[in-house]
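K.L.:
here are the coordinates; sequence isn't available:
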């Protein structure tokens, strides 16, 4: 998968005195860009961005493509005001809208990358003889324009071909071929990473010829945001989706409510958000969510709603006479009734609970347009139910005992009724459900309470948990969010005491990158079930974060996940290190406040910041 | 120090139907604000912000004042467009400018706090009968207008008095009395924290009467930013100083260069920044620094420059024939020659080094206007010198041996010459110097190489290091930056390998708060030297951060340091928890992207998010 491409073409560079840069970069045989004093050993001018694109085996792309890559190592200048995107295919309805929105997306990215400086007069030595800025025409060639919803069944593969002919008046021609708009979109994303700002040329530049094919290894490449412990503005959610699109993550898992707050507007039960939102402004209206869903769609991202129940409820449910649909709300000492303040669980034996679940599900299905639905279903505290007469009285009436297994039966009966309500809310059509690992999926019980035909299980225990093996053996499809590698909220201070939080330490990007689903299965001796692993998700639980520090806690770590899932390289993080530092810069250049991983010196001095050999 | 003040006055509240809020807050005897369903148990309306200000023993101020506080628990509405600040004193020259700039500062803060909403028609029950919005006149009464430079010798105490008379057309009158503008500025800062946005009143409000006196415990309350490992824009530096001002930190320690980059412009040696800056734009010009210094001055913050030498140099020193003023620059394997890549040290036996130091010092003294100068002086690698013939040849010529103690003598001779150059650069007047703890200050050697009359020592070892005791016994003044509590870059991933960085884990705000200089001395058995402890500094070394994630890594943790140093409470962090959550919100409301410490639920439900009793 090394860069093939033609030999470097160097036009004569006439640079002297004031015009000369102090530093230039040179690609050596080892695939590393060396910073060199201009005039001392080299008189060729190449900017860092161009050097990295031409020098790196994967053209500094992130995630690295899984198919062949070929770049001709000659630059052509791109006119940022003359970028167009069209489709060869039928342009009706939703597809048409998606193509038009994708063109807007491309134009906005190109504009963000164009950073003209004053006083720059040098020009790189590896520019095309045709140095005028050229139009860029991107053409999509999509087999099935009817696929307009991102999701597990979508083929995301694509090929990208760039041709630049010698006539200066002709546009650069980029063609992306794919089964559907979502594969094509990924191809466009790849193309956008090959249009780089060259500070020494004072221009956007790209290779004159590209041939590249690509497809992801895993279908589900997700990120979870919890907007209930703390609220996140729509703007910050969109910025997160922007970043996801850039690294080809495709699932935004929206943990939208919890015991702390209820920001989701249920139109038929407005008390939920009016009582449950932190402030009247901190809500998610249907319009706002639909806007996010469409925003995500053009970026190839599915938005998956989670309504977590029967635990993780509380605020919002204090309406009038239905107050008693919940138990343990805000009960103290919280350590006896839940894992963190405030406590709260639904009373699973109240019919009113299911009436309201139906209303919530209906609204969620109508605004999210997701092919799957997340039921949550984690961390039910059996003692909460057991210590609430409102629950135990009804249990006695309905023939439940008081053993742990009877409480688990009660819980699974709840889940069964919730599933029924979801299907009803979807006009009788079954929606695939997702559930967290929980007491219901404990070792030895994985098939006892749940049907693998109904649920995908999202694993949040460690990557060494035997439960993963049992789930796969029982036929469950799984999504891995093992907290020891994918919980991005780990490692900060405690918020209910002193010291550090429960899942410390902080997880570096290297560990995220090394969290290989295949290795997890191999270590558990269940490699034969690899096809049941849909993919992974990183999670940002928001007890200790809101939109202020969001970007830096997620990025660029989520990019490490993205490459693990898209490319699943055999090599370890070290081969990705230089590209990772680079993709972080790209995220920042596109408005994402990604954290810095190294001194900028390391960006400029490839391969020098290491303790490994 | 409990709030004294008059009994609460409640005007009749006429609220019903659509106008009624869902939730209101009520202050109980325990000093805690309880969130209550409006209409169920209470018909009084009080916003959370007002409740916290009136309920908390320290009026939700941060840092908490050290003198008496008295607030009358009745509100007056403040007209954000009619806030004025004047001084009773002579208004000539620098003082005049400072007062004018302070008025601008006040107006900008007030504007940022004014957040009118549409559709809000409720009014709090505890408003003054005089509900019209009133002018606010702030008058400074300063004993010595000639004090115009913040620093260690400045008396920062103040008293604040607010009077609101009954005539609705009369302004609210706030008078701040202090020895000098810097104490007065702190009083204004306190006043600004008492002008709060009340969302239920849709207005800025404040108490009608205030009497308060205050003074800091420690003189040096600092924050270090390293702008060499990664660059920080002037805008982000100013934002940091804004936040420092808000919590009365008073020293911005600018670690402006390092081996990685040289962004400081030395006008007489422009090669340094031209070769050494990461990009031509990533520099600090004299104008930009002077702008920062004046910006900081009006915020009561001294800007202290550090030029770190003889280690921590490298990039920038590659000019022409003077190339050999440095040794080990970029040498590999770096582990043999420095603590992190890239290596680099000055050759202390080259006269050219001191000529350039003189130029650097001259420029730094001229633009920073600081009463102290930081020489750096940490982490000299003796093996670097010992393995460089350019050093050892000259050592042999000049009679130095090759033992460790001879290398230390070489280093201290360097420091002596550097001090001489600094004094020359300051036209012969001695400038107090600061040095980091290092091999020169190791146990048993603290008085051997350095004179306690010339240097303040900044301690960056742990708070249990016996060296602290020895330094104090030797008469050194010290600033504590013990890394186990005050290095805010700790706890993230490694940047030169895997795992977590060297000083992990992440330091929670509670630990910062509990880092008591007095306790450190007590534990080391040297409490009698308490007067030699000038204060503390938190540090953000920037290998793994730039301006993107700056705010969240510093704030609100640096606020914990601020209260420890200003107020030095006997109580532990638990008494500060609710105010800390509150000051974090205040930082955000003023444009600082401070990290969240708890779910917003904890802000709204005082004292419920805890594992302690």
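P.N.:
Cool, got the structure. The shown structure was predicted, so the numbers you read here are calculated from the model rather than taken from an experiment. Numbers count the residues shown, from 1 in each chain, chains lettered A, B, ... in the order given.

K.L.:
got the buried residues for the one helix or strand residue A:37 maps to?
P.N.:
Per DSSP states H and E, residue A:37 falls inside strand A:33-37. By neighbour count with 16 or more other C-beta atoms under 10 Å in any protein chain shown, strand A:33-37 contains the buried residues A:33, A:34, A:35, A:36. Glycine gets a C-beta too; all of them are placed from N, C-alpha and C.

K.L.:
repeat for stretch A:520-528
P.N.:
Neighbour-count burial for stretch A:520-528 flags A:520, A:521, A:524, A:526 (criterion: 16+ other C-beta under 10 Å).

K.L.:
Can you list which of the residues you listed are found in helices?
P.N.:
A:520, A:521 (DSSP state H).

K.L.:
just checking: which of the buried residues of stretch A:520-528 also lie near chain B?
P.N.:
When contact is defined as C-beta under 8 Å from any C-beta of the partner chain, these do not meet chain B at all.

K.L.:
out of the buried residues of stretch A:520-528, who's nearest chain B?
P.N.:
Comparing the buried residues of stretch A:520-528 against chain B with C-beta to the nearest C-beta places residue A:520 closest, at 17.9 Å.

K.L.:
And the helices in the stretch 251-400 of chain A?
P.N.:
Counting by DSSP state H, counting those that start in this stretch, one finds helices in the stretch 251-400 of chain A at the ranges A:271-276, A:286-298, A:351-368, A:382-386, A:389-397.

K.L.:
For residue A:213, which of these is the nearest?
P.N.:
helix A:286-298 (22.9 Å; C-beta to C-beta).

K.L.:
now the closest one: mean pLDDT?
P.N.:
What helix A:286-298 shows for mean pLDDT is 98.

K.L.:
helices or strands up against that helix?
P.N.:
helix A:93-113, helix A:234-246, strand A:302-306, helix A:351-368 (3 or more C-beta pairs under 8 Å, 6 or more residues apart in numbering or on different chains; DSSP states H and E).

K.L.:
got a list of what residue A:217 touches?
P.N.:
Residues near residue A:217 by C-beta atoms under 8 Å, 6 or more residues apart in numbering or on different chains: A:66, A:565, A:566, A:567, A:568.

K.L.:
Run the chain-centre distance for the top strand by length along chain A.
P.N.:
For chain A, the strand with the greatest residue count under DSSP state E is strand A:75-87. Centre-to-centre, strand A:75-87 and its host chain are 27 Å apart (C-alpha atoms, centre = their mean, to the nearest Å).

K.L.:
Tell me how far residue A:55 lies from chain B.
P.N.:
Distance, residue A:55 to chain B, using C-beta to the nearest C-beta, to the nearest Å: 19 Å.

K.L.:
Looking at the buried residues of strand A:33-37, which is nearest residue B:82?
P.N.:
For these, the nearest to residue B:82 is residue A:35 (56.9 Å; C-beta to C-beta).

K.L.:
got the contact list for residue A:526?
P.N.:
Contacts for residue A:526 (C-beta under 8 Å, 6+ apart) come out as A:468, A:469, A:472, A:473.

K.L.:
Can you flag the buried ones in those residues?
P.N.:
In terms of neighbour count (16+ other C-beta under 10 Å), the buried residues within the contacts of residue A:526 are A:468, A:469, A:472.

K.L.:
Not counting sequence-adjacent ones, nearest residue to the last one?
P.N.:
Counting by C-beta to C-beta, 6 or more residues apart in numbering or on different chains, residue A:529 is the residue found nearest to residue A:472 once chain neighbours are left out, at 3.7 Å.

K.L.:
and the one you found, that's in a helix?
P.N.:
Yes - assignment of residue A:529 by DSSP: H, G, I helix; E, B strand; the rest coil places it within a helix.

K.L.:
Count residues in the vicinity of it, would you?
P.N.:
By the criterion of other C-beta atoms under 10 Å in any protein chain shown, residue A:529 has 19 neighbours.

K.L.:
correct me, but it touches residue A:474?
P.N.:
No - assessed by C-beta atoms under 8 Å, residue A:529 is found out of contact with residue A:474, at 9.9 Å.

K.L.:
Next one: whatever residue of the stretch 101-250 of chain A ends up closest to chain B from residue A:540, what distance?
P.N.:
Closest residue of the stretch 101-250 of chain A to chain B, C-beta to the nearest C-beta: residue A:229 (4.1 Å). Distance, residue A:229 to residue A:540, by C-beta to C-beta, to the nearest Å: 10 Å.

K.L.:
what does residue A:516 give?
P.N.:
21 Å.
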